[in-house]
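*Asks:* next input, structure requested:
(chains A, B and C)
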Amino acid sequence: MPKRSTDTAAPAPEFAARRELLAWYAKERRDLPWRRTRDPYAIWISEAMLQQTRVETVIGYWTRFLARFPDVRALASADESDVLTAWSGLGYYRRARSLRAAAQAIVARHDGKFPRDAEAVRALPGIGPYTTGAVLSIAFDQPEALVDGNVVRVLSRWFAHDAPAAAAQRWAWERARELVPKSKGAGEWNQALMELGATVCTPRSPACERCPVAKACLARARGLENVLPRAKERPEPIDVELVAWVVERGGDVLVEQRPETGRMAGLWQLPTEQRSPRRPQLFPAELGIELTPGPELGLLRHAITHHRIRVVLQRGTVGRARVAAPLRWVPKAELGTLALTGMARKALAAAFGRPNLE
DNA sequence: AATCCGTGGGT
DNA sequence: TACCCAAGGAT
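*Replies:* Numbering: from 1, shown residues only, chains lettered A, B, ... in the order given. Alright, predicted model coming up:
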């Protein structure tokens, strides 16, 4: 009989399932680039990028970001605009600003070395309870629990816990702290739980026939695997219509910088006017310059949380008026050096074919 | 506690 | 097409 009394407080019936899950993870885990390092900085960057973002999207960004900012000091001393350019298209741009601010704090408070103390980690900007547990357990194998959307889903099903979303997450934290190995292997355990949620115990149509926990899963036993966890209610999406101007002069393209506060703060986009509705005002209602419309180049669809956006790509020409901030002429070849919004990247790709954005 | 903050892929 | 929501954190 293996010893378990010092390793976990979990009741005996869970022991077999826990062992099955760890064995499954050892065999089936995806070979992701950030799983090839124990560098806490590199792991931290991956965790920040993975927040609300798919693994497949992150791989390329992570690789380029690590090449551009290889360590804490490189990130701390970088210009914010360069960090945002590396982040361009990932969304939730506060994450990029927080990353840089946290790197500066690590240099100031911790001599440039990623802290090993949970309170010190949690105090860094952009790092909450999840990321604290993730970096400490994965990079340092400290016995810290973590809960993300995968863990809430896996545990809610495994133990058939039926509760509203907010309560289910609090419950999952308690459960995760009970289950996490207390001596060693916390990082592997946490990743196994998340990997199961990402690849087998998926939000819809979970692949229970491939699940190492299926025999112990109470939701499956009760036919609740497609019911739990309970979904959160979502507000009605709002429709927004925009005109995005494609204005060329020589080899230059007219671009517009967004305000320093609010959505996509400080990022660059095509000059954009919001036609309807006026509330919410996601984009300026009019430009500070007169443009003469040419042919329409097409229509594209985009989404920003709770908003469905229809964008008319409108070619245009500028008269004698002088271009002033927030508008600027930029050589087409240099568009890739700007921190463009995702919508701008789409629009530019539609107008010019895939530009040099990477 | 509820809302804000982007984007893309799966179904 | 339309909807779902992902390795969350700040306010």
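
*Asks:* average model confidence for the helix or strand containing residue A:244?
*Replies:* Mapping residue A:244 onto the secondary structure by DSSP states H and E places it in strand A:238-249. Per-region confidence: strand A:238-249 scores 93 on mean pLDDT.

*Asks:* now do it: everything it contacts.
*Replies:* Contacts of strand A:238-249 with the rest of the structure, by C-beta atoms under 8 Å, 6 or more residues apart in numbering, involve A:253-254, A:269-277, A:280, A:282-283, A:287, A:291, A:297, A:306-318, A:329, A:332, A:343, A:347, A:351. No exception for glycine: its C-beta is placed from N, CA and C like everyone else's.

*Asks:* where along the stretch 201-350 of chain A do the helices fall?
*Replies:* For the stretch 201-350 of chain A, applying DSSP state H, counting those that start in this stretch gives helices covering A:218-221, A:342-352.

*Asks:* please state the offset of the shortest one from the chain centre?
*Replies:* Okay, so that is helix A:218-221. Centroid separation between helix A:218-221 and its chain, computed with C-alpha atoms, centre = their mean, to the nearest Å, is 31 Å.

*Asks:* list the contacts of the residue in the stretch 151-300 of chain A positioned nearest to DNA strand B.
*Replies:* Across the stretch 151-300 of chain A, the shortest distance to DNA strand B (C-beta to the nearest atom of the strand) belongs to residue A:263, at 3.5 Å. If you count contacts by C-beta under 8 Å, 6+ apart, residue A:263 has them with A:282, A:304.

*Asks:* how close does it sit to residue A:168?
*Replies:* Residue A:263 sits 29 Å away from residue A:168, going by C-beta to C-beta, to the nearest Å.

*Asks:* burial measure for the residue in the stretch 1-150 of chain A that DNA strand C sits nearest to, as a count.
*Replies:* Sorted by distance to DNA strand C under C-beta to the nearest atom of the strand, the residues of the stretch 1-150 of chain A start with residue A:128, at 2.6 Å. Residue A:128 is surrounded by 10 other residues when neighbours are defined as other C-beta atoms under 10 Å.

*Asks:* re the thing from before, so which of the helices of the stretch 201-350 of chain A is nearest DNA strand C?
*Replies:* Put simply, out of the helices of the stretch 201-350 of chain A the one that sits nearest DNA strand C is helix A:342-352, at 11.5 Å, with distance taken as C-beta to the nearest atom of the strand.

*Asks:* distance between that closest one and the chain's centre?
*Replies:* A distance of 21 Å separates the centroid of the chain from that of helix A:342-352, by C-alpha atoms, centre = their mean.

*Asks:* before we move on, back to that, separate out the buried members of the contacts of strand A:238-249.
*Replies:* When neighbours are counted using 16 or more other C-beta atoms under 10 Å, the contacts of strand A:238-249 contain these buried positions: A:253-254, A:269-274, A:282-283, A:287, A:291, A:297, A:309, A:311-316, A:318, A:343, A:347, A:351.

*Asks:* what's the first-to-last distance across stretch A:222-240?
*Replies:* Between the opening and closing residues of stretch A:222-240 there is a gap of 43 Å (C-alpha to C-alpha, to the nearest Å).

*Asks:* one step back: need the winner for burial among the helices of the stretch 201-350 of chain A.
*Replies:* Ranked by average neighbour count under the criterion mean count of other C-beta atoms under 10 Å, these are headed by helix A:342-352 at a mean of 20.

*Asks:* quickly check: that one near DNA strand B or not.
*Replies:* Yes: in terms of C-beta under 7 Å from any atom of the strand, part of helix A:342-352 sits within range of DNA strand B, namely A:342-343, A:345-346.

*Asks:* ok, and for stretch A:24-38, which residues are buried?
*Replies:* A:24-25, A:34.

*Asks:* nope, stretch A:246-254 is what I meant
*Replies:* Applying a neighbour-count criterion of 16+ other C-beta under 10 Å, the buried positions in stretch A:246-254 are A:246-248, A:252-254.
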